[in-house]
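Peer 1: Model the following, please.
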Amino acid sequence: MERLQSEGIRGADLVFACIGPALEIFSRYSKVVDAEEREIPLGGDPEASEPHKRGFLSYVWEVVGRTALEQVLGTAEAKARNSTAGALEEDARLTALFLWTLQSTNGNGAKVAKEESSDDEEPDEEEESPKKKKQGYSLIFDVVRRFAQPLGIHLPEWEGRVIETEKGVVRLLSVKERGKQLFGEESISVAGFRIEEQARRDPQMKFDFAVISERTIAPEIKARRLRKKKELTAEPSPKAGVTTTLDRIHAAMLLQASGQTNALRALLKAEQDRGPDFLRLANALSALYPKQSEEKRLLDAMLLAMPR
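Peer 2: From the prediction side, this is the model:
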């Protein structure tokens with residue numbers, strides 16, 4: 001991987017370029033077995049609980065994925081599986097790997113699908129107007145699955161929250177699409193005003209944006225006093241209604257986009273007091289997003305507003 005990257009090979013091209021040499025090694029022998037003489041198939045079942053049944057290629061994808069995570073996020077994320085202490089949450093790892101895979105060898109980066117319809121498209125008989133292309137970045141489902149499974153990333157848990165799967169394609173939801181998840185039905189300006197008020201009452205508040213789901217009513221922005229250091233380092237469960245580091249970064253990006261300067265500063269100050277993960281992930285995503293993308297522009301502007 002290091003040699004190929006030094007030659008300018010990026011993203012999915014790099015993944016498939018690594019599979020070739022791995023297959024060359026595997027094909028040298030009539031069969032490959034583990035220490036107990038159990039044969040390891042080439043494909044196998046990536047979801048198998050018994051290691052030898054997972055298949056050789058699942059281990060190749062895992063090595064590539066973990067190496068990529070170490071490069072873009074760090075050692076803790078590269079070694080993480082499920083809720084490993086000290087590592088960023090699953091949605092951060094999924095997003096980072098997604099964007100890393102989308103990098104192109106020619107250096108132009110991923111292409112974002114703009115929300116627009118083609119004049120050449122004829123409307124379906126049952127539809128009044130042609131479908132609009134959705135914003136975001138897309139990868140074939142099988143590619144995302146092959147990365148996620150060996151790393152303990154559960155795609156169904158992030159469906160509708162970070163990703164959307166349709167017709168064999170996984171789309172990374174755009175930041176703007178996540179507004180209602182993070183702020184509920186209220187506008188970003190109202191949410192920004194509430195953040196300002198909470199910060200004014202207690203400068204040491206830390207903000208959690210409850211994520212909306214089918215079973216919950218419109219969430220409120222929660223604020224809690226900073227407590228013991230042990231409590232701050234505990235990784236919240238995405239099912240518990242407590243937000244992840246990625247959620248809070250997206251909330252800050254939306255505040256930046258809507259010009260809520262005071263609310264953004266209050267949120268960034270709270271994140272700075274919380275720990276280094278917010279800034280670490282924001283810098284990593286800024287490096288992964290395509291240079292001309294709206295997400296990178298918002299991230300870079302947000303990072304400039306971080307307290308010094």
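Peer 1: and stretch 269-286, average pLDDT?
Peer 2: Across stretch 269-286, the average pLDDT comes to 91.
Peer 1: Show me what counts as buried in that stretch.
Peer 2: Neighbour-count burial for stretch 269-286 flags 269-271, 274, 277-282, 284-286 (criterion: 16 or more other C-beta atoms under 10 Å). In short, each C-beta sits where N, CA and C put it, glycine included.
Peer 1: now swap in stretch 169-185 and tell me
Peer 2: Per 16+ other C-beta under 10 Å, stretch 169-185 contains these buried residues: 170-179, 181-184.
Peer 1: okay, those residues in a markdown table with secondary structure next?
Peer 2: Putting these into a markdown table (DSSP: H, G, I helix; E, B strand; the rest coil) gives the following:
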| residue | secondary structure |
| --- | --- |
| 170 | strand |
| 171 | strand |
| 172 | strand |
| 173 | coil |
| 174 | coil |
| 175 | helix |
| 176 | helix |
| 177 | helix |
| 178 | helix |
| 179 | helix |
| 181 | helix |
| 182 | helix |
| 183 | helix |
| 184 | coil |
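Peer 1: Looking at those residues, which is nearest residue 256?
Peer 2: The closest of those to residue 256 turns out to be residue 175 (C-beta to C-beta; 9.9 Å).
Peer 1: I figured the closest one hits residue 253, correct?
Peer 2: Yes: counting by C-beta atoms under 8 Å, residue 175 touches residue 253, with 5.1 Å between them.
Peer 1: overlap in contacts of these two?
Peer 2: 295, 298 (C-beta atoms under 8 Å, 6 or more residues apart in numbering).
Peer 1: residues near residue 101, how many?
Peer 2: Residues lying near residue 101 (other C-beta atoms under 10 Å) number 23.
Peer 1: Surely it forms part of a strand?
Peer 2: No: checked against three-state DSSP, residue 101 lies outside a strand; its state is helix.
Peer 1: how near is it to residue 165?
Peer 2: Distance of residue 101 to residue 165, given as C-beta to C-beta, to the nearest Å: 16 Å.
Peer 1: what comes up buried for the helix or strand hosting residue 200?
Peer 2: Applying DSSP states H and E as the criterion places residue 200 in helix 188-201. Within helix 188-201, the residues scored as buried using 16+ other C-beta under 10 Å are 188, 191, 192, 194, 195, 196, 198, 199.
Peer 1: Can you add pLDDT and distance to residue 48 and give these back as CSV?
Peer 2: Below are those laid out as CSV (pLDDT from 0 to 100; distance: C-beta to C-beta, whole Å):
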residue, pLDDT, distance to residue 48
188, 78, 45
191, 79, 45
192, 80, 48
194, 79, 48
195, 80, 47
196, 78, 52
198, 76, 48
199, 74, 50
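Peer 1: Just give me the neighbour total for the spatially closest residue to residue 199 that is not a sequence neighbour.
Peer 2: Excluding its sequence neighbours, the residue lying closest to residue 199 (C-beta to C-beta, 6 or more residues apart in numbering) is residue 266, at 3.5 Å. Other residues within reach of residue 266, judged by other C-beta under 10 Å, total 22.
Peer 1: And for residue 3?
Peer 2: Residue 3 sits with 8 neighbouring residues when counted by other C-beta under 10 Å.
Peer 1: Look up phi and psi at it.
Peer 2: Main-chain torsions, residue 3, degrees, to the nearest 10: phi -70, psi -50.
Peer 1: Report the separation between it and residue 192.
Peer 2: Taken as C-beta to C-beta, the span from residue 3 to residue 192 is 48 Å.
Peer 1: CA-only coordinates of stretch 160-172 in PDB, if you can.
Peer 2: Extracted as PDB, the C-alpha positions of stretch 160-172 are listed here (Å, rounded to 0.1, in the frame of the first residue of the first chain):
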ATOM      1  CA  GLY A 160     -30.900   6.500   7.500                       C
ATOM      2  CA  ARG A 161     -28.600   8.300   9.800                       C
ATOM      3  CA  VAL A 162     -25.200   8.400   8.100                       C
ATOM      4  CA  ILE A 163     -25.900   6.300   4.900                       C
ATOM      5  CA  GLU A 164     -28.700   5.400   2.600                       C
ATOM      6  CA  THR A 165     -28.700   2.100   0.600                       C
ATOM      7  CA  GLU A 166     -30.800   1.800  -2.500                       C
ATOM      8  CA  LYS A 167     -30.500  -0.600  -5.400                       C
ATOM      9  CA  GLY A 168     -27.100  -1.900  -4.500                       C
ATOM     10  CA  VAL A 169     -25.600   1.500  -4.000                       C
ATOM     11  CA  VAL A 170     -24.700   3.100  -0.600                       C
ATOM     12  CA  ARG A 171     -24.900   6.900  -0.400                       C
ATOM     13  CA  LEU A 172     -23.200   8.900   2.200                       C
END
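Peer 1: What lies in contact with that stretch?
Peer 2: Applying C-beta under 8 Å, 6+ apart, the set of residues contacting stretch 160-172 is 91, 94-95, 98-99, 134, 136-142, 144, 155, 159, 173, 178, 181, 211, 238, 246.
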